[in-house]
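Student: please work out how this folds:
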Amino acid sequence: MIGYVTIGTNDLTRAAAFYDALLSEVGAKRMMENEQFIAWSVKPTAPGLGVTKPFDKKPATVGNGVMVALEAGSRAEVDALHRKALQLGGKDEGAPGDRGGGFYAGYFRDLDGNKLNFFHMG
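Tutor: Coordinates of the predicted model:
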């Protein structure tokens, strides 16, 4: 159902370096880009994640209550990806752990303050 999710940035070069390094850990590569945005995916037909400078030319801001959840292949992968996000300068928003019902997740904010998580069910 979801084709892609886009989050804002005020520094596309910085965001690109962060997501190139982080998303390469799950095999994602840039699938589309121009001077305004960059999008990554693990394959052309899979859902993607994009970062963009806002179309209205106003500063990108973080939505309160907005979060992007990225699926990981295992609990160990959630741990590793959360750790990698923090190593790249992201901020911890909830250490990896079981949240109940087999939902295991680690939460972080990227360099622009966008909230994301990596999760695994099971």
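Student: and L81, how close does it get to Y19?
Tutor: Per CB to CB, to the nearest Å, L81 is found 12 Å from Y19. No exception for glycine: its C-beta is placed from N, CA and C like everyone else's.
Student: check contacts around the residue of the chain most remote from its centre.
Tutor: What lies farthest from the middle of the chain is G101; by CA atoms, centre = their mean that is 23.2 Å. If you count contacts by CB atoms under 8 Å, 6 or more residues apart in numbering, G101 has none.
Student: wait, a strand at it?
Tutor: No - under the criterion used here (DSSP: H, G, I helix; E, B strand; the rest coil), G101 is coil, not part of a strand.
Student: how about it, phi and psi?
Tutor: Dihedral angles of G101 (phi, psi; degrees, to the nearest 10) stand at phi 70, psi 20.
Student: please report how far it lies from R14.
Tutor: Distance check for G101 against R14: by CB to CB, it reads 36 Å.
Student: do P96 as well
Tutor: Taken as CB to CB, the span from P96 to R14 is 25 Å.
Student: looking at the two, which is more packed in?
Tutor: P96 (25 against 15; other CB atoms under 10 Å).
Student: what strand or helix carries the more buried one?
Tutor: Assigned by DSSP states H and E, P96 belongs to strand 91-98.
Student: how big is the angle separating the following helix or strand past that strand from strand 91-98?
Tutor: Sequence-wise, the next helix or strand downstream of strand 91-98 (DSSP H and E) is strand 103-109. Angle, strand 103-109 to strand 91-98, by axes from the mean of the first three to the mean of the last three CA atoms, to 10 degrees: 170 degrees.
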